[in-house]
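# Compute the structure for the input listed below.
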Amino acid sequence: MQQRKKNIALLIFLVIVWGINWPLSKIALAYAPPLLFAGIRTVIAGVILIVAALPKRKALHFSKLWPVYLTSAFLSIVFYYGFQTIGLQYMPSGLFSAIVFLQPVLLGIFAWIWLGERMYGMKMFGLLLGFLGVAALSIGGFTGSISALGVGLALASALSWALATVYTKRNAVRVDMLWMTAMQIMIGGVILLAAGSAVESWSDITWNSAFIVNTLFISVFVIALGWMVYFKLINEGEASKVGSFTFLIPLISIGSSVVLLNERITLNLVVGMLLIVSSIILVNVKIGRAARRLTS
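Below is the predicted model:
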């Protein structure tokens, strides 16, 4: 019971910080090119996590596990953030985010195929409702221009995130989770920073308080602590159940955007919220012999 309460608290933290990440990132992007911004915030998070992991330096085993760290870095950081950053230039952000949050549906399917997690009709229906809820929240995106390249990059972003989660859980017994998180973020951040330095200009960054504060908040809470909490929960519980709660992130994002960016609350928000809550209940409730608990 104590562990379950702890996991619920971690989930609440994760959903909140990953939700407010979207408007905070939008504010910060007004002062910096996208790839450099992505690289800066990720490298800062990587440094923080490496410092935190140093007392367990013997568990790094870099010469043996570097292929795992590198693969995870590309899936979780380079591809996920890279496709996301580039794709947003080609289509409305609402539609793009709706496609990206197809990830929990993909994760539920991949976890069933590769992790041996249960899949039953009610669970699949719940995952579908969650995606429909995200789509309802982001329906305004459909009124803008739609690019085939943008759709492809959004799907690639969702796919890389789902594959990264399954890959991490499959390798959880081989690696120390803190070092796994630190290495993938640091390696991915360096690659993003190098790419940004090659195609963008550092002189385009405006180092004002809004950019610095938002970047530091995202680096510490959204990336460093956020990814560490996410993979801890994935490692301890069913990936598809933890993934289902990420459907709440667009809801938090819209709510925080109303406060920070003066965006309007619409009927889509109410409909999306009801679908998302229904999704989480269906994915996590005990149906027949399906396990209700979050952790194993």
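# how about the closest residue to residue 117 other than its chain neighbours, phi and psi?
Once flanking residues are discounted, residue 117 sits nearest to residue 111: 4.3 Å by C-beta to C-beta, 6 or more residues apart in numbering. All C-beta spots, glycine's among them, are computed from the backbone N, C-alpha and C. Note on residue 111: backbone dihedrals following degrees, to the nearest 10 are phi -60, psi -30.
# For burial, what's the neighbour tally of residue 111?
Residue 111 is flanked by 24 other residues according to other C-beta atoms under 10 Å.
# what pLDDT does it get?
pLDDT, residue 111: 77.
# How about residue 50?
Per-residue pLDDT puts residue 50 at 96.
# Point out where the stretch 151-296 of the chain drops to low pLDDT.
Screening the stretch 151-296 of the chain residue by residue with the criterion pLDDT under 70, one finds the ranges 237-241, 243-244, 263-266, 269, 273, 277, 280, 283-296.
# What segments of it are helices?
When assigned using DSSP state H, counting those that start in this stretch, the helices of the stretch 151-296 of the chain occupy the ranges 177-199, 209-217, 226-236, 239-244, 249-261, 267-284.
# Point out the one among those that comes closest to residue 91.
Taking C-beta to C-beta as the criterion, residue 91 comes closest to helix 249-261 out of those, the separation being 15.8 Å.
# Please spell out which residues along that closest one are buried.
Buried residues in helix 249-261, defined by neighbour count with 16 or more other C-beta atoms under 10 Å: 249, 250, 251, 252, 253, 254, 255, 256, 257.
# related to what we said a few turns ago, and the residue nearest to residue 117, how close does it get to residue 4?
20 Å (C-beta to C-beta, to the nearest Å).
# burial count for residue 64?
For residue 64, the count of nearby residues is 10 (other C-beta under 10 Å).
# tell me which element it is part of?
helix 62-73 (DSSP states H and E).
# Run the angle between the following helix or strand past that helix and helix 177-199 for me.
Where DSSP H and E defines the elements, the next helix or strand beyond helix 62-73 is helix 80-87. Going by axes from the mean of the first three to the mean of the last three C-alpha atoms, to 10 degrees, helix 80-87 is angled at 30 degrees with respect to helix 177-199.
# hmm, who's touching helix 80-87?
Counting by C-beta atoms under 8 Å, 6 or more residues apart in numbering, helix 80-87 makes contact with 34-35, 38, 42, 96, 100, 149-150, 153-154, 156-157, 160-161, 164, 188, 192, 195, all of which sit outside it.
# rerun that using 7 Å as the cut-off
34-35, 38, 96, 100, 150, 153-154, 156-157, 160-161, 164, 192 (C-beta atoms under 7 Å, 6 or more residues apart in numbering).
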